[in-house]
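> Okay, sequence plus prediction incoming.
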There are 2 protein chains.
Amino acid sequence: MAVELHPALEPFAFLLGRWVGEGQGRYPTIDGFTYGEEARYQHSGKPVIEYAQRTWSLDSGAALHGESGFLRPAGSGLVELVLAHGFGIAEVSEGSIRGQRLELHSRSLVSTPTAKAVERLARAIEVHGSELEYRIDMAAVGQPLQRHLEARLRRQS
Amino acid sequence: MAVELHPALEPFAFLLGRWVGEGQGRYPTIDGFTYGEEARYQHSGKPVIEYAQRTWSLDSGAALHGESGFLRPAGSGLVELVLAHGFGIAEVSEGSIRGQRLELHSRSLVSTPTAKAVERLARAIEVHGSELEYRIDMAAVGQPLQRHLEARLRRQS
């Protein structure tokens, strides 16, 4: 069922679609790693973008991480993100959109009793033509905010 | 790609699939309403269930609400939920599984600057054969915890 794009989403239309590619992760407390990723940005007619991604091991294909939630335009170039992470944290972030680039930083991070605590997250997402690049910085397990993930995805549809 | 169910998910296997049905909502501050709903409970081989649902107006078909996140078995009959709501809140809940019934209550609810604040959520999800029933209680906008949503869905696949 095709529904009309809500006018509030017009500045975000460049994100819509299914994206697939590869990324790499690093952190002082772990070995560096690479991963495959699929991300979907969709809408249902409301002024909110449904976002979900999953990653997998490039060696075995086994599932690694998953996250899903919603991007919410908040007017005047502002944007909000509510996101659930499969490893047991829930995130509220806020930031801005400028052209085809979003920058978001965490406002609240809450976790389940069994999850690793994450103190801060900051992400930048940028689209050039059919390529989406993102970078996620993280402060966790006592380490200062620093680069954690970088990936480059290509639009599939 | 079919992947093997993680052993930690075996007690939750009754939830897996796609469910469709109808529900009704009420709250002292709003008119009662009914809605259509589709919910999906899936897995990718990890010890976590990917959950997403969306609801729509039974009159117009227009999108109403959406939420997505993850159910996490936490051992000894305990379960955790991390969930993002399209209207701008992120939820961490915890609870228990007994037979084919889950009961969860919120531990942390965080919201974006533009979202309505919700103070508490409690949900019960129960499956009988091919029917899933849930009830969600909510404390919000100064009202005490009380019934907000009830729905009955049928398994589609």
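Thanks, I have it.
> and chain A, which residues reach chain B?
Contact residues (C-beta under 8 Å from any C-beta of the partner chain) of chain A with chain B: A:1, A:3, A:44-46, A:48, A:50, A:52, A:54, A:61-63, A:66, A:68-70, A:72, A:74, A:80, A:82-86, A:88-92, A:94, A:107-108, A:110-115. For the C-beta atoms, the positions are set from N, CA and C on the backbone; glycine is no exception.
> name the helices or strands packed onto the helix or strand containing A:Val92?
Using DSSP states H and E, A:Val92 sits within strand A:89-98. For strand A:89-98, the packing partners by 3 or more C-beta pairs under 8 Å, 6 or more residues apart in numbering or on different chains; DSSP states H and E come out as strand A:63-75, strand A:78-85, strand A:101-111, strand A:118-128, strand B:78-85, strand B:89-98, strand B:101-111.
> I'd like those written out as CSV, with mean pLDDT, distance to A:Thr29 and mean neighbour count added.
Formatted as CSV, these follow (pLDDT from 0 to 100; distance: least, C-beta to C-beta, whole Å; neighbours: other C-beta atoms under 10 Å in any protein chain shown):
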stretch, mean pLDDT, distance to A:Thr29, mean neighbour count
strand A:63-75, 97, 16, 21
strand A:78-85, 98, 17, 24
strand A:101-111, 98, 17, 19
strand A:118-128, 98, 12, 18
strand B:78-85, 98, 22, 24
strand B:89-98, 98, 23, 22
strand B:101-111, 98, 25, 19
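> Can you say which of those strands is nearest to A:Arg154?
Closest to A:Arg154 of the helices and strands packed on strand A:89-98 is strand A:118-128 (C-beta to C-beta; 10.7 Å).
> Tell me which other helices or strands the closest one touches.
strand A:89-98, strand A:101-111, strand A:131-140.
> can you give me how far that strand is from the chain middle?
Remark: strand A:118-128 is offset 7 Å from the chain centroid, using C-alpha atoms, centre = their mean, to the nearest Å.
> And the residue lying closest to A:Pro47 once chain neighbours are set aside, how far from chain B?
Of all residues not flanking A:Pro47 in the chain, A:Ala8 sits nearest, at 3.8 Å (C-beta to C-beta, 6 or more residues apart in numbering or on different chains). Using C-beta to the nearest C-beta, to the nearest Å, we find A:Ala8 at a distance of 12 Å from chain B.
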